[in-house]
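Undergrad: based on what follows, work out the 3D shape:
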Amino acid sequence: MKTCIAAVLVVSLMFASTSAVRAADKSEEAKKLDKDTRAAIESFKKTDSELSKTFDTAIGYAVFPDIVKGAAGIGAADGDGEVFSKGKLIGTARMTQVTLGLQLGGQEYAEVIFFETKDALDRFTGSEWAMSAQASAVAAAEGAAANAKYKQGVMVFTISKGGLMFEASVGGQKFKFTPLEKK
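TA: The predicted model follows:
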């Protein structure tokens, strides 16, 4: 019972803090997201030089520079990102995740999702999109991209930014795409 109460508290605090940030000035938030996204892209490229080629050859990619995850029995993760087609910004996306299982801790990480085909990118940008629990992310490290393969037109890399998480859980990520407003 104490574990369930702690889990609910962790999840509630995490989402309350991200809601407060979203209430801030949207233009400042957009500038910060853009700056953080550029820094994350550079970090991925520095971590694995092969990823530079992947950024250049992928039809599109979604970059989530700061995903925060917390768990105590029940886990949740949350983060905002930018979506690119052929290197050009086309919109933003929001990632949410809920997991169940044996897990405890908190962590922050960056994630990039590469799209091999226009169809894969269109599925992501067309509506709410979910990545199943069976999809696996590759921890970015020198040489990791050389051995990674697209699965159903999608390839995912992550970089840990801090924290410690013990986890044996099941859950998937959900994404909500928002196209750029046309002026």
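Undergrad: quick one: residue 85 and residue 91 touch, right?
TA: No. Counting by Cβ atoms under 8 Å, residue 85 stays clear of residue 91, with 9.1 Å between them. C-beta coordinates here come from the backbone N, C-alpha and C atoms, glycine included.
Undergrad: can you give me the buried ones in the helix or strand hosting residue 42?
TA: Using DSSP states H and E, residue 42 falls within helix 26-47. Across helix 26-47, burial judged by 16 or more other Cβ atoms under 10 Å covers 33, 36-37, 40-41, 43-45, 47.
Undergrad: quick one: residues contacting residue 44.
TA: Neighbour list for residue 44: 51, 55, 110, 112, 140, 157, 159 [criterion: Cβ atoms under 8 Å, 6 or more residues apart in numbering].
Undergrad: one step back: restricting to C-alpha, output the helix holding residue 42 in CSV.
TA: Written as CSV, here are the backbone C-alpha positions of helix 26-47 (Å, rounded to 0.1, in the frame of the first residue of the first chain):
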residue,chain,number,x,y,z
LYS,A,26,4.8,29.8,-25.1
SER,A,27,7.4,31.7,-27.2
GLU,A,28,10.0,31.4,-24.4
GLU,A,29,9.1,27.7,-24.1
ALA,A,30,9.5,27.2,-27.8
LYS,A,31,12.9,28.9,-27.9
LYS,A,32,14.1,26.8,-25.0
LEU,A,33,12.8,23.6,-26.7
ASP,A,34,14.6,24.6,-29.9
LYS,A,35,17.9,25.3,-28.1
ASP,A,36,17.7,22.1,-26.1
THR,A,37,16.8,20.1,-29.2
ARG,A,38,19.9,21.4,-31.1
ALA,A,39,22.1,20.6,-28.1
ALA,A,40,20.6,17.1,-27.9
ILE,A,41,21.3,16.5,-31.7
GLU,A,42,24.9,17.6,-31.2
SER,A,43,25.2,15.3,-28.1
PHE,A,44,23.9,12.3,-30.1
LYS,A,45,26.4,13.1,-32.9
LYS,A,46,29.3,13.4,-30.5
THR,A,47,28.4,10.2,-28.7
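Undergrad: which strand or helix spans the closest residue to residue 95 other than its chain neighbours?
TA: Ranked by Cβ to Cβ, 6 or more residues apart in numbering and with sequence neighbours excluded, the top spatial neighbour of residue 95 is residue 79, at 4.9 Å. Assigned by DSSP H and E, residue 79 falls within strand 60-85.
Undergrad: list of residues touching stretch 119-128?
TA: Contacts for stretch 119-128 (Cβ under 8 Å, 6+ apart): 59-60, 62, 83, 85, 90-91, 93, 113, 115, 129, 152-154, 174-177, 179.
Undergrad: of those, buried ones?
TA: 59-60, 62, 83, 85, 90-91, 93, 113, 115, 129, 153-154, 175, 177.
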